[in-house]
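Chemist: Sequence first, then the predicted structure, then my questions.
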Amino acid sequence: MSGVGFKGKLYRDDALVLRVQKLGESDRIITLFTRRHGRVRAVAKGVRKTMSKFGGRLEPFGHVDVQLLEGRSLDVISQVEGVDLYGRRIMDDYPRYTVASAIAETAERLTPVEQEPSLRLFLLTLGAIRALALGEHGSSLVLDAYLLRAMGVAGWAPALLDCAVCGNPGPHRGFSVPAGGAVCPDCRPPGASHPAPATIELMAALASSDWQVADASEPNHRREASGLVAAHLQWHLERALRSLPLVDRDDTTRDRARDRKERS
């Protein structure tokens, strides 16, 4: 196969499927986020054929146990078993699908070096996809909680209580993405926003996994928090996420109705 040369080392890992791309007539390139080897790009040979031994186990957002053969440019998937194929509960639900896509793209962007382990980010990403598939919380809340905590792993967490500039104890009414988050009146730069106190409280709850507070939040505060979270992330990434503008943020009523249905 063009672009794939074998080095011979066989290894196995726990992985989340982040992205799938077509390769030739019957193969795919699978981007995996693995527990011990970080982000890995690998070829799944013949996976698009009707009789493929992999079946639907290498679809996006699936949690899999995978065996790979190390290659010079791309590894090759030799075996795969489904642990929990969350994609089956996500792919046909557009709001969940767009949120899952944004989570997967963020994970990929925060792991710029292949084969570099990042256990905290792996567990965070897997947990977010699981929560999304199970419908435990509103889709937008799951996304914003993930983005805030992922930024914490990357060292970019916004200041939400004390002033980001001088450390003056808060809470503060100003919020400046370039300054690093909440800012006091003395440090507030021109153009700083003035979010509602409940919006900052929601962001703090999402960052600390206080779901009791987050689930009880109002739609207008969720929308305002989503805008601040997205702006803060994209400031640090220095390039917009392709999937983020596609996310359906007006999902509070729909998520609650769906959750009641799934629990009945």
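Modeler: That came through, no problem.
Chemist: how about low-confidence regions in the stretch 151-264 of the chain?
Modeler: 250-264 (pLDDT under 70).
Chemist: how about 50 then?
Modeler: Flagging of the stretch 151-264 of the chain using pLDDT under 50 yields the residue ranges 253, 256, 259-260, 263-264.
Chemist: What segments of it are helices?
Modeler: 197-207, 211-215, 219-237, 252-263 (DSSP state H, counting those that start in this stretch).
Chemist: Remind me what the third one packs against, helices and strands.
Modeler: Here helix 219-237 touches helix 139-154, helix 197-207, going by 3 or more Cβ pairs under 8 Å, 6 or more residues apart in numbering; DSSP states H and E. Every C-beta, even on glycine, is put in place using the N, C-alpha and C of the backbone.
Chemist: Please name the residues that touch residue 86.
Modeler: Contact partners of residue 86, counting by Cβ atoms under 8 Å, 6 or more residues apart in numbering, are 61-63, 129-130, 132-133.
Chemist: Spatially central residue for the chain, please.
Modeler: Centroid check for the chain by Cα atoms, centre = their mean gives residue 103 as the closest residue, at 2.0 Å.
Chemist: so which of the helices and strands packed on helix 219-237 gets nearest residue 111?
Modeler: The closest of the helices and strands packed on helix 219-237 to residue 111 is helix 139-154. By Cβ to Cβ, the value is 10.0 Å.
Chemist: Which positions in that closest one come out as buried?
Modeler: 139-151, 153-154 (16 or more other Cβ atoms under 10 Å).
Chemist: Let me see the contact set for the residue sitting furthest away from the middle of the chain.
Modeler: For the chain, the residue at maximal distance from the C-alpha centroid (Cα atoms, centre = their mean) is residue 186, at 35.0 Å. Taking Cβ under 8 Å, 6+ apart as the contact definition, residue 186 lies against 166, 168.
Chemist: I'd like the distance between it and residue 166.
Modeler: 7 Å (Cβ to Cβ, to the nearest Å).
Chemist: ditto for residue 173
Modeler: Taking Cβ to Cβ, one finds residue 173 at 15 Å from residue 166.
Chemist: Looking at these two, which one has more neighbours?
Modeler: residue 173 (17 against 10; other Cβ atoms under 10 Å).
Chemist: ok, back up a step: state whether the residue nearest to the centre of the chain is indeed within a helix.
Modeler: Yes. Judged by DSSP: H, G, I helix; E, B strand; the rest coil, residue 103 forms part of a helix.
Chemist: how about the strands of the stretch 51-200 of the chain, start to end?
Modeler: 63-71, 75-84, 174-176, 181-183 (DSSP state E, counting those that start in this stretch).
Chemist: Which positions in the last one come out as buried?
Modeler: Of the residues in strand 181-183, those buried under the neighbour-count criterion (16+ other Cβ under 10 Å) are 181-183.
Chemist: Kindly report the same for stretch 210-220.
Modeler: Going by neighbour count (16+ other Cβ under 10 Å), the buried part of stretch 210-220 is 211, 214-215, 217.
Chemist: any chance of those in a markdown table, with distance to residue 112 too?
Modeler: Formatted as a markdown table, the buried residues of stretch 210-220 follow (distance: Cβ to Cβ, whole Å):
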| residue | distance to residue 112 |
| --- | --- |
| 211 | 31 |
| 214 | 30 |
| 215 | 34 |
| 217 | 33 |
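Chemist: Good, we can wrap up now.
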